[in-house]
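**Student:** predicted structure and sequence below. I'll ask about it afterward.
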Amino acid sequence: MREDRPRPTCAPSPAGERLRAVRPAMRIAGVAAAGLIFSSCGGSSSSTTDTGAAATLPAQASASRSVQAAQGGDERSASAFEAATATVEWTWLANENESFKVKGKQVVRYGLDKSWVKKTMKGAGTCSTAFFGVDPAPGKAKHCELKVVPPPPPPPPPPPPPVVYVNPALIPAVNQNPVGGWSQDMLLPTTEVAPPSDIGAFRTGCQVSKYAFDDPIVFPGQPGKSHLHTFFGNTGVNASSTADSLATTGNSTCRGGTINRSAYWVPSMVDTRTGAPLAPMFESNFYYKTGYALPPSTITAMPAGLRMIAGDSKGTPEAPSAAVMYACVWDGGNGDWQNSIPTDCPVVGTSWLIMAIDFPQCWDGVNLDAPDHISHMANPVNVKANNTGNCPSSHPVAIPQISFQVLYQLKAAGETKYWRLASDNYDLTKPAGHSGHGDWFNGWKPEIVDVWVKNCDRAQRDCHSHLLGDGRMMVIP
């Protein structure tokens, strides 16, 4: 209730008039959080209700007031109740001889200046010596005040989530061959023929192109906004990359050179002992197979500029992403696939950890992206046996199933227990890798995609990591 609003008046004794004339402005902040109170001249409370914190009743109405007062459930005495409260404020309730009503159990005091008597009560009362049983200031005009206990302070904000520490000084140098990637198409004729396969299989190998705290899909135009990513493919990719810039600029670290200026990126793998990001092995593999869900004959070329994300950068052990899996591989053997980074990878000959990411392959046929970068894509449905499914009607266009396999070489047995993804921002004592995800941004030359989709995928041939199926092969020096 604002103190400067006019109050309804009664016709009490002159002493009451003097009180209203000299009463100082009282603090009533916090009153809105309290229970409803009625005050009127005379012994009974008025039925007229003030529904606003500062409403004024008509002059002809019963002189009643309402304010909001804090509800109390404390059964102790008024003095004990007050002693237990660190900060107490009092707000005007009624003039002497006026009636009032409080909601819930409240502490009310009667008097003035430093002379008060307190009472814990609920319901209706009268601001009088008779009601309080003691006259705290004989011969002086008194009034009643309601104790307002401020709400407790809000709890402190939760601590920030744990963050995988990345030491920028230890980000690996990009070890490309050639440095800077290839600036031209890298194709040669071949007589090699792709063998038949139960599915259509096309893949390529790409070296690391850069490390950066960028994500042109999730944080476009915001350099440094993301956790650290390891990029492959287009060497010119940055936070401001677009479909046009990827398709027409930048060298490529992928086989075949600039026939494929696509950008591929994953959260960097970090050795938590030092904060050093790990460099993947020389080439990681990027697959464009028909997969085992859809008939190969239904596969069509990906549209230029299509982009998407698989996995979940906010994944946790309680809600892991099903799109990302990990496995240990060594000379002569391999471990089982699992959705967290294995902690016991052995070293037998050449050993490595594989991070595998599968993308959905049904496109809505309209949008090259979506606000969540996922919902314009979907997985096949009605898969009862290999190659028997179909794309849902909401996402009717079948494209190759894109998969990443990023490889990290092991130097010591069991060292993977110290490895986490740069995006693993959850309890660092829990298994690592549940925030695994991958981003793909199409930068292929459309005429090249048409060739390998026709001659490798739809033809159900295994084109390995170099054949286009038309008498040409992708090469690296």
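**Tutor:** The structure has been received and is ready for your questions.

**Student:** in its sheet, what does the biggest strand by length in the chain sit against?
**Tutor:** Counting residues, the longest strand in the chain under DSSP state E turns out to be strand 98-112. Here strand 98-112 has these sheet partners by DSSP bridges: strand 35-41 (antiparallel), strand 115-126 (antiparallel), strand 143-148 (antiparallel).

**Student:** least confident of those, on average?
**Tutor:** Mean pLDDT across these is lowest at strand 35-41; the value there is a mean of 39.

**Student:** before we move on, back to that, for the strands paired with strand 98-112, give me TSV that also has mean neighbour count and distance to residue 343.
**Tutor:** (C-beta placed from N, C-alpha, C; glycine too.) Below are the strands paired with strand 98-112 laid out as TSV (neighbours: other C-beta atoms under 10 Å; distance: least, C-beta to C-beta, whole Å):
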stretch	mean neighbour count	distance to residue 343
strand 35-41	22	58
strand 115-126	17	62
strand 143-148	23	57
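
**Student:** just to revisit the earlier point, next, the buried residues of the longest strand of the chain.
**Tutor:** For strand 98-112, burial by neighbour count (16 or more other C-beta atoms under 10 Å) applies to 98-103, 105-112.

**Student:** element containing the residue most central in space within the chain, please.
**Tutor:** Centroid check for the chain by C-alpha atoms, centre = their mean gives residue 314 as the closest residue, at 6.7 Å. In this structure, residue 314 sits in neither a helix nor a strand according to DSSP states H and E.

**Student:** quick check: of the buried residues of strand 98-112, which lies closest to residue 248?
**Tutor:** residue 103 (71.7 Å; C-beta to C-beta).

**Student:** how is residue 452 assigned, secondary-structure-wise?
**Tutor:** Look at residue 452: counting by DSSP: H, G, I helix; E, B strand; the rest coil, its state is helix.

**Student:** what are the ranges of the helices in the chain?
**Tutor:** For the chain, applying DSSP state H gives helices covering 14-22, 78-83, 129-132, 243-248, 446-452.

**Student:** by contact count, what packs against the third one?
**Tutor:** By that I understand helix 129-132. strand 98-112, strand 115-126 (3 or more C-beta pairs under 8 Å, 6 or more residues apart in numbering; DSSP states H and E).

**Student:** please name the bridge partners of residue 401.
**Tutor:** With DSSP bridges as the criterion, residue 401 is bridged to residue 289.

**Student:** test my guess that it contacts residue 286.
**Tutor:** No - Residue 401 is beyond contact range of residue 286, at 11.5 Å (criterion: C-beta atoms under 8 Å).

**Student:** now do the shared contacts for these two.
**Tutor:** Contact with both residue 401 and residue 286 is made by no residue, according to C-beta atoms under 8 Å, 6 or more residues apart in numbering.

**Student:** so what's residue 277 up against?
**Tutor:** Contacts of residue 277 (C-beta under 8 Å, 6+ apart): 166, 170, 171, 172, 211, 228, 230, 268, 269, 270, 271, 422.

**Student:** the fourth one touches residue 271, doesn't it?
**Tutor:** I take that to be residue 172. No - applying C-beta under 8 Å as the test, residue 172 and residue 271 come out as separate, 11.1 Å apart.

**Student:** which neighbours do these two have in common?
**Tutor:** Residues touching both residue 172 and residue 271 (C-beta under 8 Å, 6+ apart): 277, 278.

**Student:** now do the buried residues in stretch 414-429.
**Tutor:** Across stretch 414-429, burial judged by 16+ other C-beta under 10 Å covers 415, 416, 419, 420, 421, 422, 423, 424, 425, 426.

**Student:** give the contact list for the fifth one.
**Tutor:** The contact partners of residue 421, taken as C-beta under 8 Å, 6+ apart, are 164, 267, 268, 269, 270, 341, 432, 433, 435, 436.

**Student:** 7 Å instead, please
**Tutor:** When contacts are counted by C-beta atoms under 7 Å, 6 or more residues apart in numbering, residue 421 touches 267, 269, 432, 433, 435, 436.

**Student:** that older thread, narrow the buried residues of stretch 414-429 to those in strands?
**Tutor:** When DSSP E defines the strands, the subset of the buried residues of stretch 414-429 inside them is 419, 420, 421.
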